[in-house]
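Chemist: Sequence first, then the predicted structure:
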Amino acid sequence: MGEMFQTIRNAWKIPDLRKRILFTIAMLIVFRVGSYIPNPGLDAEAFSRLLEMTGSLGGFLNIVSGGAFKIASIFAMSISPYINASIIMQLLTVAIPALEKLQKEGQEGQKILQQYVRYGAVVLGLVQAVALYFTVLPQGGVVDNGSVWSFLTVVFTFTAGTAFLMWLGEQITEHGIGNGISMIIFAGIVSRGPDAAKGLIANYQLGRFGSGVVGIVAIAGILVLFVAVIAAVIWVQQAERRIPIQYAKRVVGRKMYGGQSTHLPIKVNLAGVIPIIFAMSIMMLPSTIVTMFFANKDNWFVRLFKNPEQSLLYVIIYALLIIFFTFFYSVIQFNPVEIANNLKKNGGFIPGYRPGKATSDYITKVLNRVTWFGGLFLALVTVAPIILGNVTKIPGIWFGGTAVLILVGVALDTVQAIESQMLMRHYKGFLE
């Protein structure tokens, strides 16, 4: 613990790092303050009452937005349109050669793609805001009136809120610590911590954990399980498969070069929390459509997405999406063919495998194995609380797995970002 505080003290002594930390904190404070600024075109109390009748989606959006959705604030739609636009762009980059070419053009190409994502986020935010307006319009008291001015106020306030959060996240990424979008989601989930604690106490008081000693033991078990999940997530996030690499000896003049042994690290969870965030955003889309336009209908599709925690099919689809995005993101980030070619050029090889295709195939096989483990682990931790909620009939548990994964993943990524800054200045860091 003493070393931890010493590390923090050392980090604070670095002017540039201190400036980045303070900037990140300031931007997150702006985000939290904005989460309490109401949309002038909506009645927050009436909207909150309506939210209680929309099934689980309302609570889901409220968790992601850090409580902003429940009070109909300017940040009610959170950063989800930006995430959806990012998903669409990454999928299109794989499918459209012109976009793939831009991606390979380095920093300039990435800037153009990022601009497309911004435009897409604003368009999706506008569409979502319009849909939300026409959903609450028939509900008496939520919208002041049905005038054009009321429509423009509500829609453009929500859209501007999303655009501002997008800009805020990019500023944190550029001038602060860690990934800005992830930090905003992290801050939103952390802000719901006190409400989660209140919910746990309320469930105990209602006798849902049992009475007397049984209830206390049940709460203690939940807390122990929570800590165990955090430990497991940290273990998987930090785990890596190391492939041994040997460099051939070569003589240049009178000097001998190469001959050293090293390893190629492949992280078990190479994609981090990205698959969770992507899958969550994808599953929110049909849920949003159902809640906004078909809330009064009664068929299998509406039941599937209106109360997702009660549907086994929803759980299966959610888990499969997490596994899919784990593989998708890993393939984008880690190219076995390119690595094999670089090893061959530099005289490196994997013992027992010929340079070139044999090396590439072996790296691909190892990558697939560890990615399967990482994807299944992410899916299990995410969907297990949903199953637990169905068994115990205790509401709200199903948010736990997703929240823990995002919190721990973003925290580790942020620590690693600070670590990299400190290593550049020869300081000891968190991860020794």
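Modeler: Arrived safely.

Chemist: Just the strands from this protein, written as ranges.
Modeler: For the chain, the strands defined by DSSP state E cover 240-247, 250-252, 255-257, 261-267, 348-349.

Chemist: Most tightly packed of these?
Modeler: Most buried of the strands of the chain by mean neighbour count (mean count of other C-beta atoms under 10 Å) is strand 348-349; its value is a mean of 20. C-beta coordinates here come from the backbone N, C-alpha and C atoms, glycine included.

Chemist: gap between the longest helix along the chain and the chain center?
Modeler: Ranked by residue count, the top helix of the chain under DSSP state H comes out as helix 357-392. Averaged C-alpha coordinates place helix 357-392 at 16 Å from its chain's average position (C-alpha atoms, centre = their mean, to the nearest Å).

Chemist: any idea of the angle it forms with strand 261-267?
Modeler: Per axes from the mean of the first three to the mean of the last three C-alpha atoms, to 10 degrees, the angle that helix 357-392 makes with strand 261-267 is 30 degrees.

Chemist: ok, back up a step: as TSV, the strands of the chain with distance to G374 and mean pLDDT would be great.
Modeler: As requested, these are exported to TSV (distance: least, C-beta to C-beta, whole Å; pLDDT from 0 to 100):
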stretch	distance to G374	mean pLDDT
strand 240-247	10	84
strand 250-252	37	60
strand 255-257	36	58
strand 261-267	8	82
strand 348-349	26	80
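
Chemist: who wins for proximity to F334 among the ones you listed?
Modeler: strand 261-267 (7.1 Å; C-beta to C-beta).

Chemist: still on that earlier bit, and the longest helix of the chain, which residues are buried?
Modeler: Applying a neighbour-count criterion of 16 or more other C-beta atoms under 10 Å, one finds 359-360, 362-364, 366-367, 370-371, 373-375, 377-379, 381-390 buried in helix 357-392.

Chemist: now the angle from it to strand 240-247?
Modeler: Interaxial angle, helix 357-392 versus strand 240-247 (the same axes, to 10 degrees): 170 degrees.

Chemist: How about the contacts made by F278?
Modeler: I83, I87, L321, F325, Y329 (C-beta atoms under 8 Å, 6 or more residues apart in numbering).

Chemist: confidence score at the residue nearest to I350 when sequence neighbours are not counted?
Modeler: Once flanking residues are discounted, I350 sits nearest to T359: 5.5 Å by C-beta to C-beta, 6 or more residues apart in numbering. On pLDDT, T359 comes in at 85.

Chemist: In the stretch 151-300 of the chain, where is pLDDT below threshold?
Modeler: 208-212, 249-259, 287-300 (pLDDT under 70).

Chemist: all helices of it, in order?
Modeler: Secondary structure of the stretch 151-300 of the chain by DSSP state H, counting those that start in this stretch: the helices cover 180-191, 193-205, 213-238, 274-293, 300-306.

Chemist: Tell me which residues of the second one come out buried.
Modeler: By neighbour count on 16+ other C-beta under 10 Å, the buried set for helix 193-205 is G199, L200, N203, Y204.

Chemist: same question, the longest one
Modeler: Neighbour-count burial for helix 213-238, counted by 16+ other C-beta under 10 Å, picks out G215, A218, I219, I222, V229, V233, V236, Q237.

Chemist: Check which helices and strands it sits against.
Modeler: Applying 3 or more C-beta pairs under 8 Å, 6 or more residues apart in numbering; DSSP states H and E, one finds that helix 213-238 contacts helix 193-205, helix 357-392, helix 399-423.

Chemist: Now which of the contacts of F278 would you call buried?
Modeler: The neighbour count (16+ other C-beta under 10 Å) marks I83, I87, L321, F325, Y329 as buried among the contacts of F278.

Chemist: Might one say that the first one is in contact with I184?
Modeler: Read that as I83. No - contact criterion C-beta atoms under 8 Å: I83 and I184 do not qualify, at 10.4 Å.

Chemist: And the strands of the chain: which comes nearest I339?
Modeler: Of all these, strand 261-267 sits nearest to I339, with 7.0 Å by C-beta to C-beta.

Chemist: Name the nearest residue to the residue most central in space within the chain, ignoring sequence neighbours.
Modeler: Nearest to the geometric centre of the chain sits I277, at 3.5 Å (C-alpha atoms, centre = their mean). Nearest residue to I277, sequence neighbours excluded (C-beta to C-beta, 6+ apart): I83, at 6.0 Å.

Chemist: same question, I317
Modeler: M283 (7.2 Å).

Chemist: is it true that the one you found touches Y318?
Modeler: Yes - the criterion here is C-beta under 8 Å, and M283 meets it with Y318 at 5.7 Å.

Chemist: Looking at these two, which one has more neighbours?
Modeler: More crowded of M283 and Y318, by other C-beta atoms under 10 Å: Y318, with 22 against 19.

Chemist: Next, the contact list for that one, please.
Modeler: A279, M283, P308, A379, T382, V383, I386.

Chemist: rerun that using 6 Å as the cut-off
Modeler: Taking C-beta atoms under 6 Å, 6 or more residues apart in numbering, we find Y318 in contact with M283.

Chemist: mind giving me the domain split of this protein?
Modeler: Listed by automatic domain parsing, the domain ranges of the chain are 1-191, 239-397.

Chemist: Can you tell me which of those is nearest to Q421?
Modeler: domain 1-191 (5.1 Å).

Chemist: How far off centre is the closest one?
Modeler: Relative to its parent chain, domain 1-191 has a centroid offset of 12 Å by C-alpha atoms, centre = their mean.

Chemist: likewise stretch 214-232?
Modeler: Its chain's average C-alpha position is 24 Å from that of stretch 214-232, according to C-alpha atoms, centre = their mean.

Chemist: Can I get that stretch in CSV, CA atoms only?
Modeler: Listed next in CSV are the C-alpha coordinates belonging to stretch 214-232 (Å, rounded to 0.1, in the frame of the first residue of the first chain):
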residue,chain,number,x,y,z
VAL,A,214,-30.2,-15.4,6.4
GLY,A,215,-30.5,-12.0,4.8
ILE,A,216,-27.3,-10.7,6.2
VAL,A,217,-25.4,-13.9,5.0
ALA,A,218,-27.0,-13.4,1.6
ILE,A,219,-25.7,-9.8,1.4
ALA,A,220,-22.3,-10.9,2.6
GLY,A,221,-22.3,-13.6,-0.1
ILE,A,222,-23.2,-11.0,-2.8
LEU,A,223,-20.3,-8.7,-1.7
VAL,A,224,-17.8,-11.6,-1.6
LEU,A,225,-19.0,-12.6,-5.1
PHE,A,226,-18.6,-9.0,-6.3
VAL,A,227,-15.0,-8.9,-5.0
ALA,A,228,-14.3,-12.4,-6.6
VAL,A,229,-15.6,-11.2,-10.0
ILE,A,230,-13.4,-8.1,-9.8
ALA,A,231,-10.4,-10.3,-9.0
ALA,A,232,-11.2,-12.7,-11.9
